[in-house]
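1. Coordinates only, no sequence provided:
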């Protein structure tokens, strides 16, 4: 992920390397595509609908949801640091498994599970909902 601030993108970083104990469990919505933006108009005097289709189709925004696991003794501090990193800025996400990239912004409340223990290690699962600004992903590489 990279953060857009001061009119420039920060260096891309692996959030699993940068935030100790953070693991991405699932990402939903990466393959979703927003509604195409075309212009239609219907008149009372004519049958059918007039349609304008631009040369380059733009799409409405879609939702991307990350479920992220925070584990270890300092998980609460890592969670707070990650929330600070993603809040109040555009975020560029690069999915290295699918070679897809998108720009997004956090646009909903964050839902956090109750603290649980696994093998004596505390952890929580948090759900983060972002707005995919372009309404689709782009191929990288």
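-> Received it, and whenever you're ready, just let me know what you need. Values in this document were obtained by computation on a predicted structure and should not be read as measured data.
2. Okay, strands next: where are they in this structure?
-> 2-5, 8-9, 22-28, 39-41, 50-52, 62-71, 90-95, 100-106, 111-112, 116-118, 121-132, 138-139 (DSSP state E).
3. The last one pairs with which strands, and in what direction?
-> Counting by DSSP bridges, the strands paired with strand 138-139 are strand 100-106 (antiparallel).
4. Format the strands of the chain as a markdown table; extra columns: mean neighbour count and distance to residue 79.
-> C-beta: built from backbone N, CA, C; applies to glycine. Below are these laid out as a markdown table (neighbours: other CB atoms under 10 Å; distance: least, CB to CB, whole Å):
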| stretch | mean neighbour count | distance to residue 79 |
| --- | --- | --- |
| strand 2-5 | 15 | 17 |
| strand 8-9 | 11 | 24 |
| strand 22-28 | 14 | 8 |
| strand 39-41 | 9 | 44 |
| strand 50-52 | 9 | 47 |
| strand 62-71 | 19 | 5 |
| strand 90-95 | 17 | 16 |
| strand 100-106 | 19 | 14 |
| strand 111-112 | 14 | 8 |
| strand 116-118 | 10 | 14 |
| strand 121-132 | 18 | 7 |
| strand 138-139 | 9 | 30 |
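5. Compare those strands and give me the one nearest residue 15.
-> strand 22-28 (5.9 Å; CB to CB).
6. And that closest one, what does it pack against?
-> Judged by 3 or more CB pairs under 8 Å, 6 or more residues apart in numbering; DSSP states H and E, strand 22-28 is in contact with helix 15-18, strand 62-71.
7. The last one packs against which elements?
-> Using 3+ CB pairs under 8 Å, 6+ apart as the contact test, the elements touching strand 62-71 are strand 22-28, helix 75-86, strand 121-132.
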